[in-house]
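Q: Have a look; sequence and predicted model below, questions after that.
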Amino acid sequence: MTETVKKLTIFDLQAKVDRGEKVFQVTAVDFPTAQLVDRAGIDCILIGDSLGMTALGYASTVPVTMDEMIHHAKAISRAARRAILVGDLPLGAYHASSADAVDNAMRMVKEGGADVVKLEGGEDFAPMAEAVVRAGIPVMAHIGLTPQLMSKLGGFKVQGKDASAGVQLLKDALAMEQAGCFAIVLEAIPDRVAQLITQRLRIPTIGIGAGPHCDGQNLVLHDMVGLFDRFTPKFVKKYGDCWSLISKALAEFQDDVRDGRFPQAEHSFTMKEDEYQALLQQLARD
């Protein structure tokens, strides 16, 4: 009998923060990783467009399409029994107009199975966020380092390092809260700037490289378990080294096959002796 699991809602997140508890969010890319995250009790599973790098081999998130996001979202949604499923809207999905934002948010929910959507950007994109919220889909905002616009930002750089930039980040956060967003991701910004933003907002803040003062924290699963070898951001803490573990397993597999240690009897299927003799007789007659 399948155990009944209570699906979390955006109101559960707010309640956690109101109680002084932390929110946990992890980025997953497929069914098995999402299963692990969901069963661990993580609050939110982010279908991040970072899957362009971790799962699809792109150099950045920029090439990721809406269809690719939905393809992965469908798989992840089959595993997310408890966690809130947050569907990232990729570059081009909402940047041109509020109508595009609503259409693609609807696709992410209807086709991808996401519970809510996330979009990057501050004041300039508040109208898009508000349009999606008005259409009935909860929105998680994302400010600071916004990888989709890394060309404009000059690459993967910490944002808000001077006073004027810090003020703008606060304006961005307040604009997104005013637009109706239920939570906001703060990426790669100074810890004290994140603290000021968290103190001034009513909605939960979720940090990724934004220090310890946010209401919650987000990491990409591939980064935190060492399953991505191209680079490791400074803000990542590695809790495992799956890359080395899998590499070791692959090397041992080749050694065992080469030296005749695999497969052994316990890995093989057998045939009854009388059936085998009957097979040989039939082959001899043929």
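A: Happy to help now that I have it. Numbering: from 1, shown residues only.
Q: Kindly state the domain boundaries assigned to this structure.
A: Domains of the chain are assigned by automatic domain parsing as 10-240, 253-285.
Q: Just the terminal-to-terminal distance for the first one.
A: Okay, so that is domain 10-240. 30 Å (Cα to Cα, to the nearest Å).
Q: which residues in the stretch 51-200 of the chain form strands?
A: Applying DSSP state E, counting those that start in this stretch to the stretch 51-200 of the chain gives strands spanning 84-88, 116-120, 139-144, 183-187.
Q: Poorly predicted segments of the stretch 101-250 of the chain, please.
A: Residue ranges of the stretch 101-250 of the chain with pLDDT under 70: 149-156.
Q: Go ahead and confirm residue 90 touches residue 148.
A: Yes. With contact defined as Cβ atoms under 8 Å, residue 90 reaches residue 148; the gap is 7.0 Å. Quick note: C-beta positions are derived from backbone N, CA and C, even for glycine.
Q: quick one: the closest residue to residue 240 other than its chain neighbours from residue 9, how far?
A: Closest residue to residue 240 apart from its sequence neighbours, by Cβ to Cβ, 6 or more residues apart in numbering: residue 225 at 4.1 Å. Counting by Cβ to Cβ, to the nearest Å, the separation of residue 225 from residue 9 is 28 Å.
Q: How about residue 73?
A: Distance, residue 73 to residue 9, using Cβ to Cβ: 18 Å.
Q: More neighbours: which of the two?
A: Counted by other Cβ atoms under 10 Å, residue 73 and residue 9 do not tie: residue 73 has more neighbours, with 25 against 14.
Q: quick revisit: relative to residue 259, which of the strands of the stretch 51-200 of the chain is closest?
A: strand 84-88 (45.6 Å; Cβ to Cβ).
Q: and that closest one, how far from the chain's centre?
A: 8 Å (Cα atoms, centre = their mean, to the nearest Å).
Q: what's next to it, contact-wise?
A: 7-10, 12-13, 25, 43-49, 69, 73, 76-77, 108-109, 112-119, 140 (Cβ atoms under 8 Å, 6 or more residues apart in numbering).
Q: Go again with 7 Å.
A: 8, 10, 43-49, 69, 73, 76-77, 108, 112-118, 140 (Cβ atoms under 7 Å, 6 or more residues apart in numbering).
Q: again, but for stretch 47-54
A: 27, 29, 58, 60-61, 63-64, 69, 72-73, 76, 85-88, 90, 114, 220, 222, 228.
Q: what about that stretch, how long is it end to end?
A: 12 Å.
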